[in-house]
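S.K.: what follows is a predicted structure for the sequence shown.
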Amino acid sequence: MKTAIYGNFLMILIPAEFTPQKVRRKLRSDGITSTAVTAADLFVRKRVGHRLLNPLVERGIIRVLPRHELKNRAKKTLNVGDGAKSEPSVFVSAIETGYLLGETGLAMTSGFEVILESADTPDHARQALMAMCSRELFFGRLPFQGLIRKTPPKDLPVLDTVAPLIPRYPTNYYHWMVETAPKIRYLRMFEQQTGTDVTVLVPNNAPPFVKETLTHLGWPVEQVTFATEPIYEVQNLILSPYPERSRTELNWLRETILNSVLNERRMADSDSRIYVSRSNAISRRVVNENQVMEVLKPYGFERYHLEDRSLAENVRLFNSADMVIGPHGAGLTDIIFTEDCTLVELFGARLNKVYEKLSKTLEIEYNPMYCQSEGADIIVDTAALEEQMNTIT
């Protein structure tokens, strides 16, 4: 009875994002408290976040430090790009004293100015800052007193030379792999130029793919600290640039991990065709997935639940793939590791172009397929799917 009441409340609060179906699954999976907190965070981000944050920033109540000022204020700034036109001003900055929030990796100066470079690229930093503040409010411990009064909490844990490596959404594979892990490249350049060892701060209770990625990128385990506290004082705060999602960055990530996982042996001579299933997810399940597989099987497709596999297994799998099909979701991120691939992305009512953009950057053939929605899920037109397979295979 109590669950039903909470579910009805959440659907009234955010009807567009929390369908009845999604609410029920979330409640069964995570319980009432976690579902309510997630709903409140979503409501703030989608409905009122900008109206709350923007006036505070514009009036200087919450102060921000943009990229160009960060370069001027840092005690040391090193250019670490390779000179490619795609990354004309890649730099790492060292700040003498600063603060890091453990839930999102949001960084602040000693005067509690929020460093926008720790949120996103300049064009998207304000939007990202709002989302990160909301997450800290509901999942972390956002120090509003510090932000507004410019005074830090007392008795903070102190770290030495540290760089944040925490995605905006700590358990999301796309945000980790595309927006966070490429920072390792720049941190390594900084270490080589300065002779300084940098420790990275990663999410507490991080999913296994975080540790696996760091291992395959060759980052020493002794230079990893897990964010068990809500806020840290950092004596030597190192900030790498927020990744631009460029071909240069993605190629470095791809080649470094492939060389580790495959031991210099490519798998492209044994083509595979992958259907990425979300049947265990909260949303965007394909309702008629069995019928979809009946269509795809004759074309050589196999169904995979990527969350049940290791990073290395998925890297090998995608490296041998010539076609990937699946509903929009983080599992499609591994197209990074393909050699020559076609991606067919299935959409319901809500569209998101992140994998279209990623495919364009990677020069992968991309084909969206727009499907019927059923609540938070998708119903695929199998006749249309068959026609598309005949066209692109």
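M.R.: Structure's in. What do you need?
S.K.: residue 100 belongs to a helix?
M.R.: No: Residue 100 is assigned strand when assessed by DSSP: H, G, I helix; E, B strand; the rest coil, not a helix.
S.K.: make residue 1 into 23 and carry on from there
M.R.: All set: I'll call the first residue 23, so the last point we hit is now residue 122.
S.K.: surely it meets residue 131?
M.R.: No: between residue 122 and residue 131 there is no contact under C-beta atoms under 8 Å: 11.4 Å. Every residue, glycine included, has its C-beta placed from N, CA and C.
S.K.: more neighbours: the two, which one.
M.R.: Set residue 122 next to residue 131 and count neighbours by other C-beta atoms under 10 Å: residue 122 wins out with 25 against 21.
S.K.: can I see the domain layout of the chain?
M.R.: 23-83, 85-277, 284-414 (automatic domain parsing).
S.K.: relative to the longest strand along the chain, what are the paired strands and their orientations?
M.R.: Ranked by residue count under DSSP state E, the longest strand found in the chain is strand 253-261. For strand 253-261, the paired strands and their directions (DSSP bridges) read strand 113-117 (antiparallel), strand 120-123 (antiparallel), strand 180-186 (parallel).
S.K.: show me where the stretch 223-372 of the chain has its strands.
M.R.: In the stretch 223-372 of the chain, the segments counted as strands under DSSP state E, counting those that start in this stretch are 246-249, 253-261, 294-298, 323-326, 343-349, 364-369.
S.K.: let me have those strands in CSV, extended by mean neighbour count and distance to residue 399.
M.R.: As requested, the strands of the stretch 223-372 of the chain are exported to CSV (neighbours: other C-beta atoms under 10 Å; distance: least, C-beta to C-beta, whole Å):
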stretch, mean neighbour count, distance to residue 399
strand 246-249, 18, 34
strand 253-261, 22, 39
strand 294-298, 22, 15
strand 323-326, 17, 16
strand 343-349, 23, 9
strand 364-369, 21, 11
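S.K.: adding mean pLDDT and distance to residue 381, write those out as JSON lines.
M.R.: Output for the strands of the stretch 223-372 of the chain, formatted as JSON lines (pLDDT from 0 to 100; distance: least, C-beta to C-beta, whole Å):
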{"stretch": "strand 246-249", "mean pLDDT": "96", "distance to residue 381": "32"}
{"stretch": "strand 253-261", "mean pLDDT": "95", "distance to residue 381": "30"}
{"stretch": "strand 294-298", "mean pLDDT": "95", "distance to residue 381": "14"}
{"stretch": "strand 323-326", "mean pLDDT": "97", "distance to residue 381": "19"}
{"stretch": "strand 343-349", "mean pLDDT": "96", "distance to residue 381": "10"}
{"stretch": "strand 364-369", "mean pLDDT": "96", "distance to residue 381": "5"}
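S.K.: mind listing the strands for the stretch 73-222 of the chain?
M.R.: Using DSSP E, counting those that start in this stretch, strands in the stretch 73-222 of the chain cover 86-87, 98-101, 113-117, 120-123, 129-131, 136-137, 180-186, 221-225.
S.K.: mean pLDDT lowest for which of these?
M.R.: With a mean of 87, strand 98-101 has the lowest mean pLDDT of the strands of the stretch 73-222 of the chain.
S.K.: mind jotting down where the helices sit in the stretch 23-172 of the chain?
M.R.: 24-35, 42-65, 71-80, 89-95, 147-161, 166-171 (DSSP state H, counting those that start in this stretch).
S.K.: which of these sits most buried?
M.R.: Per-stretch averages of neighbours, counted by mean count of other C-beta atoms under 10 Å, single out helix 147-161 among the helices of the stretch 23-172 of the chain, with a mean of 20.
S.K.: show me what it is packed up against.
M.R.: helix 42-65, helix 71-80 (3 or more C-beta pairs under 8 Å, 6 or more residues apart in numbering; DSSP states H and E).
S.K.: between the ones you listed, which gets nearest to residue 407?
M.R.: helix 42-65 (22.7 Å; C-beta to C-beta).
S.K.: between helix 71-80 and the closest one, find me the angle.
M.R.: 10 degrees (axes from the mean of the first three to the mean of the last three C-alpha atoms, to 10 degrees).
S.K.: with just CA atoms, put helix 42-65 into PDB.
M.R.: The C-alpha trace of helix 42-65 is given here as PDB (Å, rounded to 0.1, in the frame of the first residue of the first chain):
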ATOM      1  CA  PRO A  42       4.100   3.900 -14.000                       C
ATOM      2  CA  GLN A  43       6.100   1.000 -15.500                       C
ATOM      3  CA  LYS A  44       9.400   2.700 -14.700                       C
ATOM      4  CA  VAL A  45       8.300   3.600 -11.200                       C
ATOM      5  CA  ARG A  46       7.300   0.100 -10.400                       C
ATOM      6  CA  ARG A  47      10.600  -1.300 -11.600                       C
ATOM      7  CA  LYS A  48      12.600   1.300  -9.800                       C
ATOM      8  CA  LEU A  49      10.700   0.600  -6.500                       C
ATOM      9  CA  ARG A  50      11.300  -3.100  -6.900                       C
ATOM     10  CA  SER A  51      14.900  -2.700  -7.700                       C
ATOM     11  CA  ASP A  52      16.000   0.100  -5.300                       C
ATOM     12  CA  GLY A  53      13.300   0.600  -2.800                       C
ATOM     13  CA  ILE A  54      11.200   3.500  -1.800                       C
ATOM     14  CA  THR A  55      13.800   5.800  -0.300                       C
ATOM     15  CA  SER A  56      16.300   5.500  -3.300                       C
ATOM     16  CA  THR A  57      13.400   6.000  -5.800                       C
ATOM     17  CA  ALA A  58      12.100   9.100  -4.000                       C
ATOM     18  CA  VAL A  59      15.600  10.600  -3.900                       C
ATOM     19  CA  THR A  60      16.200   9.900  -7.600                       C
ATOM     20  CA  ALA A  61      12.800  11.400  -8.500                       C
ATOM     21  CA  ALA A  62      13.600  14.600  -6.500                       C
ATOM     22  CA  ASP A  63      17.000  14.900  -8.200                       C
ATOM     23  CA  LEU A  64      15.400  14.400 -11.600                       C
ATOM     24  CA  PHE A  65      12.700  17.000 -10.800                       C
END
